[in-house]
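with the sequence up front, the predicted model follows.
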Amino acid sequence: MSTDLQNTNTEILGNPERIDAREKRLINCHQVDVNQLMPLKYNWAWEHYINGCANHWMPTEVPMNKDIEIWKSDRLTDDERLVILRNLGFFSTAESLVGNNLVLAIFKHVTNAECRQYLLRQAFEEAVHTHTFLYVVESLGLDEGEVFNMYHEVPSIARKDAFEMELTQEVLDPDFTTDTFEGAQAFLKNLIGFYIIMEGIFFYTGFVMILSFHRRNLMKGIGEQFQYIMRDETIHLNFGIDLINGIKAENPDLWSDDFQQQMIDRVRQSVELEIAYAKDCLPNGVLGLNADLFRDYVQYVADRRLERIGLQVQYGSSNPFEWMSETMDLSKEKNFFETRVTEYQTGGTLEWD
């Protein structure tokens, strides 16, 4: 290699010396010229990436013929249709909010290569999830404006989205940096807001509602797609928890008593927002579902999230939807459907026991 080329490479890539794994950090590591995966330091991040790749799927692989037939028939009540429409309206916006936060905020400030590798995978999955709701809306012939504008027009959805966008706005400030104590805490708050609250609490009410139809042999195409989404979200949640706990371990001063109380208060606020959303989706209840049950469920889920990041549980509520354990073990956050999906490694291949 010529001396000029060596000098050019040094200017582009910085110090050409080999990177020691001990020098890697989750945030505020200044050696991020390239995604230097080796040597791996955070094996959990790479494991989540591999698991995500193994779960690859596309919504168009799921047939919607029977869902279309049922939607056009009189088999669904007005209350049941409202549940489906409200959840499509929330998720269609929420998935894009998560994707934007990943690409525009989190990726920039997470300075570890193996974590960035997973974030790239997650960003793609968020795009697939957004694609899913477009596919469903088009398949059922729904009013696109009604569904995709619910985040403006339905107060319970608007409040949840505004709650999350507040966090994104802070981190997207052009002058934002994690180099300061305040900035690093704000970034940690963003991670807790999106992984623990948005994906870990706000999504789970919708999962129960849609999967309840699937259990009744109704709208099984939508139900199957929600199963895949839930499987993806389980890995997203596990990664987010590992990232949060890793940043806490490397920056223990961020995890002050005052900050912990702020996060508990924020989770409690999100629980009330989610309970209001459940009431909005179920003004009269449908078979096996009502808003009172969801109060207990949201509180139960919130407690599980809090204890995973070392915060004190707040509610002590039990899980009213024990049947959800058939699809995932909420207490351990096992990979969704790992005992039933026998092969799903390549696009277009799906086999069930």
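Everything's here; your move. Numbering: from 1, shown residues only.

per-residue confidence for the nearest residue to residue 176 once chain neighbours are set aside?
Using CB to CB, 6 or more residues apart in numbering and skipping the chain neighbours, the partner closest in space to residue 176 is residue 183 (6.2 Å). In short, each C-beta sits where N, CA and C put it, glycine included. If you check residue 183, the pLDDT there is 95.

so what's the gap between the helix or strand in which residue 292 is found and the chain middle?
Remark: residue 292 resides in helix 291-308, with elements defined by DSSP states H and E. With CA atoms, centre = their mean, to the nearest Å as the basis, helix 291-308 stands 16 Å off its chain's centre.

ditto for stretch 160-177
17 Å.

pretty sure residue 299 sits against residue 319.
No - between residue 299 and residue 319 there is no contact under CB atoms under 8 Å: 9.8 Å.

of those two, who's got more company?
Remark: of residue 299 and residue 319, residue 299 carries more neighbours, 21 against 17, as counted by other CB atoms under 10 Å.

separation between that one and residue 230?
According to CB to CB, to the nearest Å, residue 299 and residue 230 sit 20 Å apart.

same question, residue 94
According to CB to CB, residue 94 and residue 230 sit 14 Å apart.

repeat for residue 29
With CB to CB as the criterion, residue 29 and residue 230 are 33 Å apart.

looking at these two, which is more packed in?
When neighbours are counted by other CB under 10 Å, residue 29 and residue 230 differ, and residue 230 comes out ahead with 21 against 15.

which SSE is the more buried one in?
Counting by DSSP H and E, residue 230 is part of helix 220-250.

how far does that helix sit from its chain's centre?
Chain-centre distance of helix 220-250: 5 Å, with CA atoms, centre = their mean.

what do you get for stretch 163-178?
Distance, centroid of stretch 163-178 to centroid of chain: 18 Å (CA atoms, centre = their mean).

put the alpha carbons of that stretch into PDB.
Presented in PDB, the C-alpha positions along stretch 163-178 are these (Å, rounded to 0.1, in the frame of the first residue of the first chain):
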ATOM      1  CA  PHE A 163     -46.300  11.200  25.600                       C
ATOM      2  CA  GLU A 164     -43.700   9.400  23.500                       C
ATOM      3  CA  MET A 165     -43.000  12.200  21.000                       C
ATOM      4  CA  GLU A 166     -42.000  14.400  23.900                       C
ATOM      5  CA  LEU A 167     -39.000  12.100  24.500                       C
ATOM      6  CA  THR A 168     -38.000  12.000  20.900                       C
ATOM      7  CA  GLN A 169     -38.100  15.800  20.600                       C
ATOM      8  CA  GLU A 170     -35.700  16.200  23.500                       C
ATOM      9  CA  VAL A 171     -33.100  13.900  22.000                       C
ATOM     10  CA  LEU A 172     -33.500  15.200  18.500                       C
ATOM     11  CA  ASP A 173     -32.400  18.700  19.500                       C
ATOM     12  CA  PRO A 174     -29.500  19.600  17.200                       C
ATOM     13  CA  ASP A 175     -27.400  20.500  20.300                       C
ATOM     14  CA  PHE A 176     -28.200  17.400  22.200                       C
ATOM     15  CA  THR A 177     -25.300  15.300  23.500                       C
ATOM     16  CA  THR A 178     -24.800  12.500  25.900                       C
END
